[in-house]
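**Student:** For reference, the sequence and a predicted model appear below.
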Amino acid sequence: MTQHTPPTVVKSDAEWRAQLTPQEYHVLREAGTERAFTGEYTDTKTVGVYRCRACDTELFRSDTKFESHCGWPSFYAPSDAQNVVLIEDNTLGMRRVEVRCATCNSHLGHVFHGEGYGTPTDDRYCINSISLTLEPTEG
């Protein structure tokens with residue numbers, strides 16, 4: 001998995017709870033998951049940059065977003081591989097790869113490799129909408 005330096009944004013649990021809503025805290029800090037097909041960015045076509053809701057780090061761009069019909073926003077690559085950390089996740093009786101923000105160590109979702117997505121990387125970064133903010137750009 002990805003080797004990385006320690007996060008540069010470090011806050012106490014109380015500081016994260018004060019900054020985030022209970023739902024945001026559950027996903028970002030406790031590795032929760034929002035329900036499928038309920039997130040605000042699942043179907044959006046807005047051109048822009050997706051940032052970490054906890055620390056504002058750029059994570060994905062709309063030109064890598066695709067419709068995977070999985071219930072969460074899907075991207076085939078991060079905007080900069082150094083901005084995400086990939087961690088082996090064997091919870092829930094499955095072998096998956098968790099995606100975290102490299103800047104603040106917040107949980108974003110999971111990445112799935114080589115399942116025939118028809119994307120340039122054949123990867124699907126399945127990301128919780130609640131872990132993102134979208135900064136629209138013209139284009």
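**Tutor:** That came in fine, so what should we check first?
**Student:** quick one, longest helix in the chain?
**Tutor:** Looking across the chain with DSSP state H, the single longest helix is helix 22-30.
**Student:** what packs against that helix?
**Tutor:** helix 13-19, strand 107-113 (3 or more CB pairs under 8 Å, 6 or more residues apart in numbering; DSSP states H and E). Bear in mind the C-beta positions are built from the backbone N, C-alpha and C, glycine included.
**Student:** Identify each buried residue in it, please.
**Tutor:** With burial defined by 16 or more other CB atoms under 10 Å, the residues of helix 22-30 counted as buried are 24-29.
**Student:** In JSON lines: those residues, plus pLDDT and distance to Val111.
**Tutor:** Putting the buried residues of helix 22-30 into JSON lines (pLDDT from 0 to 100; distance: CB to CB, whole Å) gives the following:
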{"residue": "Glu24", "pLDDT": "97", "distance to Val111": "21"}
{"residue": "Tyr25", "pLDDT": "98", "distance to Val111": "23"}
{"residue": "His26", "pLDDT": "98", "distance to Val111": "21"}
{"residue": "Val27", "pLDDT": "97", "distance to Val111": "16"}
{"residue": "Leu28", "pLDDT": "97", "distance to Val111": "17"}
{"residue": "Arg29", "pLDDT": "97", "distance to Val111": "20"}
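**Student:** residue contacts, Lys65?
**Tutor:** Lys65 makes contact with 50, 73-75, according to CB atoms under 8 Å, 6 or more residues apart in numbering.
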